[in-house]
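In: Need a 3D model of the following:
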Amino acid sequence: MKIRTDGDFSIKPGKFEGTLESLTSQFVCPEWYKDAKIGFWSHWGPQSVPMYGDWYARRMYLEDDPVALYHRRKYGHPSKFGYKDLIPLWKAEKFDPDALADLFYRAGARYLMAQAVHHDNFDNFDSKYQPNFNSVKMGPHRDIVGDWKKAAEKKGMRFGISEHLAGSPGFYYPNKGCDVKGKYKGVPYDGADPAYTDLYYDQTVTDTVFQGTWFLENEDFYKHWFLRMKDAIDKYTPDFYYTDGPVPCGHYGFDLVAHLYNTSAAIHGENEAVFFQKDKTKSVFPLGVLDIERNHEDRITPYQWQTCTSIGDWFYNVRDVYKTWEYLIETIIDNVSKNGNILLNVPQLPDGTVDEECGWILEKMAEWMAVNGEGIFGTRAWKACGEGPNYTAAAEEEPEATRWEPAHVDESEISWQPGDVRFTSKGNLLYAFLMRWPGELAILRSLPLGQGTAVKAELLGGGELPFRQTSAGLLVDLPAGKAGHCSCLKITLQK
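Out: So this is what the prediction gives:
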């Protein structure tokens, strides 16, 4: 079976055209996204079934990969039991999107993203252009994306979708191979069987991949990608859309962004949708919001951006060591102080639940948000993102070339010290997050006399505090013995 390329290639009429110039010159980041700060992501599907981590559908075909060894010992050789045979085992039998959405909201989520399709070419919705391998026809027999959307809307969260389809042919290339040694040497994997090309693609499609690029350069695939993802946009009218890489598929990618924006504008009167992509080329990323996978910006930026990361692996992995709730809170604060958001994946078990450890992490985040969320939601970056041992004002002046590159992953923990502060603001309110408790006295050196007049100081969750403003900064007396993690001072400034 060949990939489908028959369909309507028109885009929703509106002010956005499918050109880089039109998109970059007219996109304005909506206020809801600037206010929301935190999104949660359901990066979930058939690859969760083995509970052995990300990229399972690819790595199971790499002969010496630990995932391939695990697969053979648990399920059998991929010539006999391939990924197609794993898909029906995904039942999602305990999936309760309303309960999860409530937990996510309490833990800080103000937007929720559902995975529409991963590199495995399996759609989590009733897909017109993947009519056989989707979650309504196989596995859960549910519209997973639609269920998430309903749950998000009940909680007042904005809803969006993610797709990894553009990299799918390259991802699947190994399933056309065979072992090079051992008992099954030379025996083709099931991806070479033409009966399953609607999942694994035609041999001629994947043979053109890896000619110096991960992404396929194929006009038919471009058309198929556009039609398939346009179908998802039309079904769910998402408030945001995530693609796993730069804008894919040539001009079809720009057409899809324009279709997303014009569809939103037709509903709201003006565009309220956001396209997330990972290309930091300055001429490209202003068409939406820059997504930085497992990394961050090192200063306040003039544009909105977000970190996408996960509590653990992208798909559920029994070998995971989870991030701590304290680390996640610190990351949120640091991002928000620099004009950034965070999109946090919660690794779900194949039945749709989260495990006990992950649930506890989210509950701890919820406890913190109940006290300190005021300093996160609806805020904006202040004149400085912070002060203290882990802040260097000179960093704001460093040339662009010294900064991270998009492929660089860095989630190392910061060795926060007493005196490290991160700032956010809202009107005449300044929020100062004490990244480590300084003892009985907090000194905000960014607020000396003459640099704004403080009229009130409070500790969120703790009431009003004595303070005095000197040439050395704002000195705030802290309550003895109270040392909540990343406690927040709320400073009211004279208007």
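
In: can we go C-alpha only for contacts and neighbour counts from here?
Out: Will do.

In: right, and K338 touches I300 too?
Out: Yes. Here K338 reaches I300: they are 3.9 Å apart, a contact under CA atoms under 8 Å.

In: out of those two, which sits in the busier spot?
Out: Set K338 next to I300 and count neighbours by other CA atoms under 10 Å: K338 wins out with 28 against 21.

In: returning to that earlier point: got any residues that touch both of K338 and I300?
Out: The contact sets of K338 and I300 overlap at A381, C385 (CA atoms under 8 Å, 6 or more residues apart in numbering).

In: who touches Y252 in this structure?
Out: Contacts for Y252 (CA under 8 Å, 6+ apart) come out as G18, Y222, K223, F226.

In: sorry, that was for L112
Out: Taking CA under 8 Å, 6+ apart, we find L112 in contact with G39, F40, W41, S42, A152, M157, R158, F159, G160.

In: go again using 7 Å as the cut-off
Out: Counting by CA atoms under 7 Å, 6 or more residues apart in numbering, L112 makes contact with G39, F40, W41, A152, M157, R158, F159, G160.

In: all helices for the stretch 351-495 of the chain, in order.
Out: Counting by DSSP state H, counting those that start in this stretch, the segments of the stretch 351-495 of the chain that form helices are 356-372.

In: so where's it uncertain?
Out: 393-409 (pLDDT under 70).

In: just to revisit the earlier point, which single one of the contacts of L112 is nearest to L489?
Out: G39 (24.3 Å; CA to CA).

In: element containing the closest one?
Out: In the assignment (DSSP states H and E), G39 maps to strand 38-42.

In: Which elements pack onto that strand?
Out: If contacts are counted by 3 or more CA pairs under 7 Å, 6 or more residues apart in numbering; DSSP states H and E, strand 38-42 sits against strand 111-117, strand 340-345.

In: can you redo the ones you listed as TSV with distance to N134 and mean pLDDT?
Out: Below are the helices and strands packed on strand 38-42 laid out as TSV (distance: least, CA to CA, whole Å; pLDDT from 0 to 100):
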stretch	distance to N134	mean pLDDT
strand 111-117	9	98
strand 340-345	21	98
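
In: looking at those, which is closest to T237?
Out: Among the helices and strands packed on strand 38-42, strand 111-117 sits nearest to T237 (CA to CA), with 12.6 Å.

In: tell me which residues in whichever helix or strand comes after that closest one are buried?
Out: Counting by DSSP H and E, the next helix or strand C-terminal to strand 111-117 is helix 144-154. In terms of neighbour count (16 or more other CA atoms under 10 Å), helix 144-154 has its buried residues at I144, V145, G146, D147, W148, K149, A151, A152.

In: residues in contact with stretch 373-390?
Out: Stretch 373-390 is contacted from outside by 35-37, 299-300, 336-339, 416-417, 419-426, 431, using CA under 7 Å, 6+ apart.

In: Name the residues of it that are buried.
Out: Buried residues in stretch 373-390 (16+ other CA under 10 Å): 373, 375-382, 384-388.

In: which one of those is nearest K495?
Out: Within these, the smallest distance to K495 is 15.1 Å, found for W382 (CA to CA).

In: Could I have the buried ones of the contacts of stretch 373-390 as ChimeraX selection syntax?
Out: Restricted to buried positions by 16+ other CA under 10 Å, the ChimeraX selection for these reads:
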select :36,37,299,300,336,337,338,339,416,419,420,421,422,423,424,425,426,431
